[in-house]
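Visitor: Next input, structure requested:
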Amino acid sequence: METNVQKWGNSLAVRIPRPFAAEIGIEEGSAVDVVVEDGGIVVRPRRALRLKLETLLAGVNARNAHRESDLGPAAGRETW
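Guide: This is a model prediction of the structure:
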């Protein structure tokens, strides 16, 4: 699909046609990465990291583990 580059403030802008946006799952306000590759501009949707608890816990070791903290006496109906 051919389109035109337009001025937007001090920058340039290209409109993304609705079918293209829908195909890659972006909408107004979506975060994207814009990179130059092989003499062209590539726009990719930025996907949220999907971390698993097991993956995060695997990175905990003796050097980066926090010690327990005393938060004081119970303030409600907690059981200690």
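Visitor: going forward, measure contacts and count neighbours with C-alpha atoms only.
Guide: Fine.
Visitor: What segments of this protein are helices?
Guide: For the chain, the helices defined by DSSP state H cover 18-24, 53-58.
Visitor: got the ones you listed as TSV, with mean pLDDT, distance to Leu71 and mean neighbour count columns?
Guide: Shown next, in TSV, are the helices of the chain (pLDDT from 0 to 100; distance: least, C-alpha to C-alpha, whole Å; neighbours: other C-alpha atoms under 10 Å):
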stretch	mean pLDDT	distance to Leu71	mean neighbour count
helix 18-24	94	47	10
helix 53-58	93	23	8
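Visitor: need the ones you listed in a markdown table with distance to Asn64, can you?
Guide: Below are the helices of the chain laid out as a markdown table (distance: least, C-alpha to C-alpha, whole Å):
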| stretch | distance to Asn64 |
| --- | --- |
| helix 18-24 | 38 |
| helix 53-58 | 11 |
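Visitor: Quick check: Pro45 vs Glu27, distance?
Guide: Separation of Pro45 from Glu27 (C-alpha to C-alpha, to the nearest Å) stands at 10 Å.
Visitor: Neighbour count: the two, which is higher?
Guide: Comparing Pro45 with Glu27 by neighbour count (other C-alpha atoms under 10 Å), the higher total belongs to Pro45, at 15 against 12.
Visitor: Identify the residues contacting the closest residue to the more buried one other than its chain neighbours.
Guide: In space, and not counting its chain neighbours, Pro45 is closest to Val32: 4.3 Å by C-alpha to C-alpha, 6 or more residues apart in numbering. Residues near Val32 by C-alpha atoms under 8 Å, 6 or more residues apart in numbering: 43-46.
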